[in-house]
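K.L.:
I'd like to go over a predicted model; first the sequence, then the structure.
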Amino acid sequence: MPCIWRGVVVFCFTALCAGAQTIINTESGPWTAALDGRWRWHAGEDMQWASAAFNDAGWSPLRVPGPLPPNRHYWVRLHFQIGRTSDPGLLLGPIAWAYDVFWDGERIGSFGDPSRLRWFVPRWQTYHLPTNLAMPGSHVVAIRVAQIGPGVALPTRQSRVYAGDNRVGDLAALYEAASARVRADFQPRLLNLLVDFGFFLAGIYFLLLPPSVSQGAAFRWFGIVLLGRAIVVMCEFYLNYGPLNLPGNSIVGLLWVGVWVSCLGTIEFSYAFFRRPVPFAVRCVAWLLATLAAPVPFPYSAITARLAVLLIPAVVTIAVAAVEVRKRTLDAGLTLVLFAVLGATALYNAVAIGIQVTHGISAPIAIDIGGFWLWSWDAMYLVWVPAMAMQIHKTNLRFRDERERLRGEMEAARQVQELLLPSRSIRAPGFEIEARYHPAAEVGGDFFQLFPAVSDSLLVVVGDVSGKGMKAGLLVSLIVGALRNRKSDEPRCVLTELNAVLLGSSEGGFTTCCCALFSAETVTIANAGHLAPYRNGEEVATPPGLPLGIDADAHWIETNIELQSRDRLLWVSDGVVEARNGKRDLLGFQRAQELATRSAAEIAQAAQQFGQEDDITVVSITRKSVQVHVA
C-alpha cells in the first residue's frame, strides 16, 4: 500500500510540473520574467485554495491576455519554476480592485481590502519575497480576488490580465518594469490630459468674462461646466496616478461634485444661451435626479453619476435647441447643430456605459489618434469651446457695433437737446440770469426755458420728466415745442396747455414743472409738483399741485410775490437734493437750502462733487436795475 500511495504522489507531482511555467535566469544582472503561463481560476472564497499542495487541475484556464472571470469573488493560481535570485520579488499588474496574494500558501501582501469591500483603482503593485520563500524550484502563486462586478464602466483604469503585467525576478528590476508599465499606460492618456487642461483654462476664461460681454451669463455657465469637468478629470487622474493609493470611495465625493456641477451647469447654460429662463419644473427635476444619484455607494455612484451627467443634459439641450430652430435663422441653425452634437454625444456615452454595465459589451467611447486616446466627450468639447469663443467674438462685435450706433444716436440727441436750451442772447431788462445744466447721461430729463414776454417781462419754466434716457429726452423735446407754441404767458395757463399735451404721451409717467412770470416788481408762480423755488435762500411757499400728464381736470393756483431790488429766485432740480456720496448719504433739503445763497455754478459743482446720480439743473433770476445777458 505505501508503494501505491508513493506512486500516486509522484504521478500528481509530475502532472503539476508538466503544467507549470519554467523560468530560468540567463541574465547576469537584475532580471525579471513574465508570468504568462497557464493560470487557472475558480469562483468562490475558500481559503484552502491558497495552499501550494491544493490540486487545481480541475479549475478553468485563464488566458493571458484575455477576459477576466465574470464573478465578483474568485481565486486564480499559477504554478511555475524559478532559478536563483538575490533579492526576489513579485510584480502584479492591475488585475483586480481588491485582492490578497499568497506565495506557496504564505500571505505576502494585499491590494485594497476584499473582506471590507474597500475598493482601489487597479494598479501595478510590487511585493518583496523573503529569500527562504523564493528558493530555486517549483512555486505556486494564489490570488484571492474581489471585483466590483461584471461589466462595470468607471472613469478610471479597469482591472485586466495583460501579457507581461505580472512578473517575478529581482526587486530592483521589478520596480523598473512597473515604472515602464505605468509610463506606457499614461502615454495614451497624455493627449486627453492636455486637452482637459486646455478646457480648464477655457473654463476660467469664460467664468471671468466681464459683465459687459453680451450673453455673459451663458458663457459664465459654460465656464462652470468646463471647470466641473476639470474636477472630474483631476479626480480620475489622481485615482489612476496619484502618489497615494486612496480608496475609491474616499475621493468619490469630490468626483461627484464635478459631475453634479457639469450636469446642472449644462442645463443652466442651455437656457441662458438662448436668453430663456429655466423652467422651475425642469430645474427641480434635474436637481432631484442628480442629487438622488449621489448617495449610491461607490463604485456604483460613479456609474449613476456618469449616467446622470450625460442623460440629463442630453435631453434638455436637444429639447431647447429643437425649440429654437423654429426661428429659422442662420445663427439658430448653426446653434442647433452644436447643441445636437452636444446632446448626441452625451446620449451616446450614456448608452455605451449602460450597455457595458448591463451586458458587459464594451462600446468605443475613445478615439485612437496615433497611439493617443481622445475621449468622445472631449472631442465634442474640442468643437464646442472654439465655437463658443467664436460666438463670443461675434456677439462682442455686434455689441460693439450696436453700442457705437446707440452712442451716435445719443450724441445726436444730446446735440439736439442742447439746441433746445435757452439761447445765451436772450435779453431780460432788469434781471440777471444764471443757469447751469448737467445731465446724468447723454440725454437728460430736466428742462428749463426762458421767454421774453410783453412789457419787458420774463417767463421762466423749469421742470423734470420722470425717467431717463431717450424716452425722457423725447418728452423734453415735446414740452419745449409746446412751450414755444404756447397761447398764453400766464403760468397756470401754460401748465394747463402742457398738461393737455402730455396726457397722451407720458405712458404712465409724469412731469413736474414750475412756471414763473417776472414783471418789473412782481413774480407770479404756479407749481405742478416741482421743488419750490428759493427766495434769497428761503423756500417760497407755493400751493401744492399735481404733476403734469396725470389728470386732465387738474388745475393750479398762482402765487404772487412782490420783488425788491436784488431779490433772487433760485430753482434746483431733484438731481441736486438727491445727490449721494460714497456712504450713500443724500445731499438733502437742508444742505440744498444752505447752498441756495451761492451762485448757480457753485451749487451745480457742489452737487456733482457730492455725488451726481440724476440730472442737475440750477436756474437763478435776480432783479436788477440794468440789463444783463444770459450767463
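P.N.:
Nice, I can see it.
K.L.:
could you list every helix and strand in contact with the helix or strand hosting Glu268?
P.N.:
In the assignment (DSSP states H and E), Glu268 maps to helix 248-273. If you count contacts as 3 or more CB pairs under 8 Å, 6 or more residues apart in numbering; DSSP states H and E, helix 248-273 packs onto helix 216-241, helix 280-293, helix 300-324, helix 330-359. Glycine gets a C-beta too; all of them are placed from N, C-alpha and C.
K.L.:
least reliable of the ones you listed by average pLDDT, please.
P.N.:
Comparing mean pLDDT over the helices and strands packed on helix 248-273, the weakest stretch is helix 300-324, at a mean of 64.
K.L.:
ranges for the helices of the stretch 451-600 of the chain?
P.N.:
Taking DSSP state H, counting those that start in this stretch as the criterion, the stretch 451-600 of the chain contains helices spanning 469-484, 491-502, 574-577, 588-595, 600-611.
K.L.:
need the contact partners of the third one.
P.N.:
Spelled out, that is helix 574-577. 438, 440, 446, 464, 531, 586-589, 592, 595, 603-604, 607, 612-618 (CB atoms under 8 Å, 6 or more residues apart in numbering).
K.L.:
show me how this protein divides into domains.
P.N.:
If you go by automatic domain parsing, the domain ranges for the chain are 21-178, 209-399, 427-623.
K.L.:
which one, of the ones you listed, ends up nearest to Phe200?
P.N.:
When the domains of the chain are compared by CB to CB, domain 209-399 sits nearest Phe200, at 4.0 Å.
K.L.:
now do the end-to-end distance for that closest one.
P.N.:
Using CA to CA, to the nearest Å, one end of domain 209-399 lies 14 Å from the other.
K.L.:
again with stretch 122-137
P.N.:
End-to-end distance for stretch 122-137: 30 Å, by CA to CA.
K.L.:
ok so, going back, most tightly packed of the helices of the stretch 451-600 of the chain?
P.N.:
Compared across those, helix 574-577 shows the largest average neighbour count, a mean of 23 (mean count of other CB atoms under 10 Å).
K.L.:
ok, Gln612 touching Ala579?
P.N.:
Yes. Using CB atoms under 8 Å, Gln612 is in contact with Ala579, at 5.8 Å.
K.L.:
okay, those two: which has more neighbours?
P.N.:
Between Gln612 and Ala579, counted using other CB atoms under 10 Å, Ala579 has the larger neighbour count: 23 against 19.
K.L.:
can you name the residues that contact that one?
P.N.:
Residues near Ala579 by CB under 8 Å, 6+ apart: Leu586, Leu587, Ala607, Gln608, Phe610, Gly611, Gln612, Glu613, Asp614, Ile616.
K.L.:
what's the closest of those residues to Leu450?
P.N.:
Here the nearest of those to Leu450, counting by CB to CB, is Ile616; it sits at 17.8 Å.
K.L.:
so what's the closest one scoring on pLDDT?
P.N.:
pLDDT, Ile616: 89.
K.L.:
and Ile525, how far from Phe610?
P.N.:
28 Å (CB to CB, to the nearest Å).
K.L.:
actually Gly109, not the one I typed
P.N.:
From Gly109 over to Phe610 the distance is 78 Å, taken as CB to CB.
K.L.:
same check, this time on Pro67
P.N.:
Relative to Phe610, and taking CB to CB, Pro67 is found at 80 Å.
K.L.:
same deal with Leu595?
P.N.:
To Phe610, Leu595 is 10 Å away according to CB to CB.
K.L.:
equivalent analysis for Val285, please.
P.N.:
52 Å.
K.L.:
cool, Ala579 as well?
P.N.:
Counting by CB to CB, the gap from Ala579 to Phe610 is 4 Å.
K.L.:
then Gly216?
P.N.:
Taking CB to CB, one finds Gly216 at 32 Å from Phe610.
K.L.:
what of Lys468?
P.N.:
19 Å.
K.L.:
next one: Asn349
P.N.:
60 Å.
K.L.:
how about Pro533?
P.N.:
For Pro533 relative to Phe610 (CB to CB), the value is 21 Å.
K.L.:
stretch 351-369: end-to-end distance?
P.N.:
Note: stretch 351-369 ends 23 Å apart using CA to CA.
K.L.:
strands of the stretch 101-250 of the chain, start to end?
P.N.:
Counting by DSSP state E, counting those that start in this stretch, the stretch 101-250 of the chain has strands at residues 106-111, 125-128, 137-146, 167-170.
K.L.:
pick the most buried one from the ones you listed.
P.N.:
Highest mean neighbour count among these (mean count of other CB under 10 Å): strand 167-170, with a mean of 24.
K.L.:
mind telling me which of the domains of the chain the model trusts least?
P.N.:
Averaging pLDDT over each of these puts domain 209-399 lowest, since it has a mean of 72.
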